[in-house]
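Colleague: Need the 3D shape of this:
(one chain, ligands or ions: 1)
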Amino acid sequence: MNQASDTVIEVNGLRKKYGDTEAVAGIDLSIRRGEIFSFLGPNGAGKSTAVEILEGFRHRDGGSARVLGEDPGKAGRAWRSRVGIVWQKETQVPKLPVRDVVRHFAGYYPLAHDPDEVVERVGLGPKAKELAESLSGGQRRRLDVALGMVGRPELLFLDEPTTGFDPKARREFWGLIRDLADGGTTVVLTTHYLEEAEELADRVCVIARGRIRAVDTPAALDGRASAQATVGWLEDGQRREIRTDEPTRAVSELATRFVGEVPELSVHRPTLEETYLGMIQDDEAEEAAV
Ligand SMILES: Nc1ncnc2c1ncn2[C@@H]1O[C@H](COP(=O)(O)OP(=O)(O)OP(=O)(O)O)[C@@H](O)[C@H]1O
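Modeller: Modelled structure (predicted):
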């Protein structure tokens, strides 16, 4: 596959203002086919605005955007049938049993998956014959995911998809999204769960005040891979800690000193959440300085 057809989303200088608020202030992005790409950022950062422009539901004020080879602001029905969306808010559905709701939505798409299979894959098999309105919050969210994927989209937008999921359901959902991406579906995920981004995303994009602060793999974001480690242990009844670039050397020295097991030894590197929070703090400090 050549470079051009391998690029599903290409954005340059994207801008959107609401009155005086610059919600999206010049964004450049390129997302590849089959990639799971995650937007992270505080409330009001501009994530939804950017994503809604890419979905073709919001007009941009400036810049260019190509999604599946077309301008999302002008694309028609054929393009829309190639895009799946799981909105932040519940999708409005008819008063029907779960399987019929999914069948109903499948009818809008030329290449839809088997609706019953989709109901099983999102874990709603046991609820298939029950009315959608009787589902619990987390089950209702699974139905939204089923409706987003039933059309066999090439590109799937997920806006905070696992809100209300219990931990087991969330892990099952991650497996489902990974399967979709392995099958070639490109996934654009907006989430406030850093663990979710870490588990799923090939790359994360941190947005603050309408601007991209960084795009990288979760492991390497903001120099995380080479960040100092904290080595901790218990000595003379007290918790001790050192920060070091060479945790292996520190542990080996401790092992020699203690002649064997080091009490309550721990080695900690910054989590994605800590790294992200550090970036957002820096951004807030920058804003305050301005
Ligand atoms: N329809 C609108 N009219 C006016 N201002 C808006 C509108 N939609 C969004 N905004 C403003 O644009 C900015 C970006 O909002 P946006 O919803 O894109 O942020 P977000 O990153 O998706 O936030 P969240 O994490 O809370 O969903 C915010 O300051 C918001 O108040």
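
Colleague: Residue 42 - that's part of a strand, no?
Modeller: No: using DSSP: H, G, I helix; E, B strand; the rest coil, the secondary structure at residue 42 is coil, not a strand.

Colleague: What residues does the nearest residue to it once chain neighbours are set aside make contact with?
Modeller: Nearest residue to residue 42 in three dimensions, chain neighbours excluded: residue 280, at 5.8 Å (Cβ to Cβ, 6 or more residues apart in numbering). The way it works is simple: take the backbone N, C-alpha and C, and place the C-beta from them, glycine included. Counting by Cβ atoms under 8 Å, 6 or more residues apart in numbering, residue 280 touches 41, 42, 206, 208.

Colleague: Please identify the buried residues of the helix or strand hosting residue 280?
Modeller: Applying DSSP states H and E as the criterion places residue 280 in helix 272-289. Residues 272, 275, 276, 279, 280, 283 are the ones in helix 272-289 that count as buried (16 or more other Cβ atoms under 10 Å).

Colleague: hmm, back to that, roughly how far does the residue nearest to residue 42 sit from residue 86?
Modeller: 25 Å (Cβ to Cβ, to the nearest Å).

Colleague: same question, residue 98
Modeller: For residue 98, the distance to residue 86 - Cβ to Cβ - is 16 Å.

Colleague: higher neighbour count, the two?
Modeller: residue 98 (27 against 22; other Cβ atoms under 10 Å).

Colleague: contacting residues for the more buried one?
Modeller: Residue 98 neighbours (Cβ under 8 Å, 6+ apart): 119, 124, 127, 128, 129, 130, 131, 132, 135, 143.

Colleague: buried subset of those?
Modeller: 119, 124, 127, 128, 132, 135, 143.

Colleague: isn't the fourth one right up against residue 117?
Modeller: It stands for residue 128. No: with contacts counted by Cβ atoms under 8 Å, residue 128 stays clear of residue 117, the gap being 11.2 Å.

Colleague: which one of the contacts of residue 280 is nearest the ligand?
Modeller: Closest approach to the ligand among the contacts of residue 280 (Cβ to the nearest ligand atom): residue 41, at 5.2 Å.

Colleague: Tell me the residues of the protein that contact the ligand?
Modeller: 18, 21, 23, 41, 43, 44, 45, 46, 47, 48, 49 (Cβ under 6 Å from any ligand atom).

Colleague: 8 Å instead, please
Modeller: Selection of the chain residues close to the ligand by Cβ under 8 Å from any ligand atom yields 16, 18-19, 21, 23-24, 39, 41-52, 88, 159-160, 190, 192, 207, 210.

Colleague: The residues you listed, buried ones only, as a PyMOL selection?
Modeller: The PyMOL selection below is limited to those of the residues of the chain next to the ligand classed as buried (16+ other Cβ under 10 Å):
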select buried, resi 16+23+24+39+41+42+45+46+47+48+49+50+51+52+159+160+190+207+210
